[in-house]
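[1] Structure for this input, please:
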Amino acid sequence: MAPSAPSSAARLLFRHFLCSATEAAAEAAAPTAAALASAAKAAKKKDPWPLYPRLSALGRAGEGSVSRVLNKWVREGGAPRANDLIKHVKELRKYKRHAHALELLQPQAWQASHHHPPILAQQVEMMDWMVNARGMNMSHTHHAIRLDLIYKVRGLQAAENYFAGLPGPAKDHRTYGALLNCYCSAKMEDKATDLYHKMDGFGISPQCLIFNNLMSLHMKLGQHRKVDSLFQEMKVKNVKPDNLTCCILMTSYAASNKIDAIEELLKEMGEKDVTLVWSAYSTLASIYINAGLIEKAESALRKLEELVGADDARQPFDFLMSLYASAGNVGEVNRVWDVIKAKFIKVTNTSYLGMLQALYKLNDVDRMQQIYMDWESNYEKYDVRLANMMIRGHLKFGMTKEAESLWEKAKEKGAEFDSKTCELFSDHYIINGDMNSALNWVENMTKLSKKAQKLDQDKIHKFHKYFEEHKDADGAERFCNCLRALGCIDGKAYESLLRTYLAANKKKHSLRQQIKDDQIEICYDIGKLLKRMDDKGR
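    From the prediction side, this is the model:
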């Protein structure tokens, strides 16, 4: 399903803040960037493939990969510039490639051997200046971005250590605000509150972003009175709210079933000349839909569409499809889909996925099939999420053969399953009592390079119960092998395995050693079952 509108709106506004910060940083670095551009021109080499696509192609590559890409790019004639660097960091963060973004901000990432052109030496100097310069706005913004990335990649303690090591002048509203955001993201109310009071004591002017972060924290913790209290404090301190403030407050009021308060809030935002963008009306429409106020929801969706600007690209339309589907309006879903196809030269995988999700909500599996076939004939890059969504649609209506056939055809095209594919099929087969087919898909889970989440206990219990009741020792053994591979083998699994062997009147002399190898404590129950198996062997 599409993410909830409030959380998506919050992310969008945070990205807007980050964009503004990075633009300011790029502007501050303009003289250095201009010098580098001149040097790059003198190099008279044309880069055959720009830097960002190379970084984007790294996928899940580990630490050091960015350095290798940069060094290769520079050897081929690439000329790094400050504003490009910041832009690439912003893009990597946008797609949650935090480790790569952080590496890109390390001065050592730009170190080069003596074979590299002179332009790189200048870039190293520039990066050292960016990170270590004192008393310059560019540097402080840069520190704030690095602090946020360090938190996301290395954890809170590392972020705190980085902040503690900053020079005094660099500890301003940007870096304090970045640390506060870390505490809010980690749901550390005491630390967030203490830091906020410390900032107030230092005379750091309260800003809307600070209040938004604190409100979001209290919302996550279900402390809706504190959210409203912070809004009242904003008024006392004459801090103007923004679009995100409105989204947070609306969501908080909705959680307390205060629909009237939401409508009063919207009037107040108008009186304060707060500019509301489409994400606010996405939040409002979602609230109305959940409250069963469909007419009001559709009115909000019409306002949403009116506010979509040229720079908003596809995302608002994806939300429109999802929300109209939640409102049960299939006509509007199809209309918005037609708008997407007419407005954009290429329909993205994400928009196709959004349309499939909308149709799934509407129980229209035939239309899903049409959209899926259209995607299959047009995609540039295969996306297993769309196959999974179509499989989910088939399985919802008991169309098991169609789901299996779809997956077989996908495999012929080189598709690889992921944990979601395995989960969809295994859950379906468990519900229908076909535990052997379900087990096949659990075994597929163990083959994934990125390990799937551990199986939930209810699912594990169903497998154990089935194998015991059917005296299927081989199946039980296979399942325990899966649990071991997924890192969730435990004493209960061995108890069930032993009971299954005993029920099947089979024995396995290596089980005691196997239990030891898995570092499972031989408790009283396991010991008793092992003794019974030993007695059978005599």
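[2] What ranges does this protein have for its strands?
    For the chain, applying DSSP state E gives no strands.
[3] the domain parsing of it - what is it?
    The record's domain parsing of the chain by automatic domain parsing lists 277-343, 463-536.
[4] low-confidence ranges in the chain?
    Low-confidence segments of the chain, defined by pLDDT under 70: 1-49, 51-139, 310-312, 450-453, 536-538.
[5] quick one: Asp273 from Lys240, how far?
    The gap separating Asp273 from Lys240 is 8 Å, by Cβ to Cβ, to the nearest Å. C-beta here means a position set from N, CA and C on the backbone, and glycine is covered the same way.
[6] The two - which one has more neighbours?
    Lys240 (12 against 7; other Cβ atoms under 10 Å).
[7] ok, the closest residue to Ala285 other than its chain neighbours - how many residues close by?
    Leaving aside its sequence neighbours, Ala285 sits nearest to Ala300 (Cβ to Cβ, 6 or more residues apart in numbering; 3.9 Å). Residues within reach of Ala300, counting by other Cβ under 10 Å, total 22.
[8] dump the residue contacts of Ala300.
    The neighbours of Ala300, taking Cβ atoms under 8 Å, 6 or more residues apart in numbering as the test, are Tyr281, Leu284, Ala285, Tyr288.
[9] now, among those residues, which is nearest to Leu320?
    Nearest to Leu320 out of the contacts of Ala300 is Ala285 (Cβ to Cβ; 8.9 Å).
[10] For burial, what's the neighbour tally of that closest one?
    29.
[11] Distance check, it against Val227.
    Using Cβ to Cβ, Ala285 is found at 21 Å from Val227.
[12] What of Thr283?
    In terms of Cβ to Cβ, Thr283 sits 14 Å off from Val227.
[13] For these two, indicate the residue with more neighbours.
    Between Thr283 and Val227, Thr283 has the larger neighbour count (other Cβ under 10 Å), namely 31 against 24.
[14] Might one say that the more buried one is in contact with Ser252?
    No - using Cβ atoms under 8 Å, Thr283 makes no contact with Ser252, being 11.0 Å away.
[15] which of the domains of the chain is buried the deepest?
    Burial of the domains of the chain is given as mean neighbour count (mean count of other Cβ atoms under 10 Å); domain 277-343 ranks first at a mean of 19.
[16] quick one: terminal-to-terminal distance for that domain?
    20 Å (Cα to Cα, to the nearest Å).
[17] Might you calculate how far that domain sits from the centre of the chain?
    The chain centre lies 22 Å from the centre of domain 277-343; the measure is Cα atoms, centre = their mean, to the nearest Å.
[18] can you check stretch 387-400 too?
    A distance of 24 Å separates the centroid of the chain from that of stretch 387-400, by Cα atoms, centre = their mean.
[19] what does stretch 146-166 give?
    For stretch 146-166, the distance to the chain centre is 20 Å (Cα atoms, centre = their mean).
[20] And for stretch 265-280?
    28 Å.
[21] who's in contact with Cys482?
    Leu439, Val442, Glu443, Met445, Thr446.
[22] now it: how far from Asn444?
    10 Å.
[23] for Gln519, same thing?
    26 Å.
[24] List the residues that contact the nearest residue in space to Ile489 that is not next to it in sequence.
    Nearest residue to Ile489, sequence neighbours excluded (Cβ to Cβ, 6+ apart): Leu483, at 4.3 Å. By Cβ under 8 Å, 6+ apart, the contact set of Leu483 is Leu455, Ile460, Ile489, Asp490, Ala493.
[25] close enough to count as contact, the fourth one and Cys523?
    To tie it back to what came earlier, the one meant is Asp490. No - if you go by Cβ under 8 Å, Asp490 and Cys523 don't touch, sitting 10.9 Å apart.
[26] Could you pull out the helices in the stretch 101-250 of the chain for me?
    For the stretch 101-250 of the chain, the helices defined by DSSP state H, counting those that start in this stretch cover 118-132, 137-154, 156-164, 173-185, 189-201, 208-220, 224-236, 243-255.
[27] what's the most buried one of the ones you listed?
    Of the helices of the stretch 101-250 of the chain, helix 243-255 is the most buried (mean count of other Cβ under 10 Å), at a mean of 24.
[28] Now do that one: everything it contacts.
    6, 9-10, 13-14, 208, 211-212, 215-216, 219, 222, 224, 227-228, 231, 234, 241, 259, 261-262, 265-266, 269, 274-277, 279-280, 283-284, 287, 290-291.
[29] Fine by me, thanks again.
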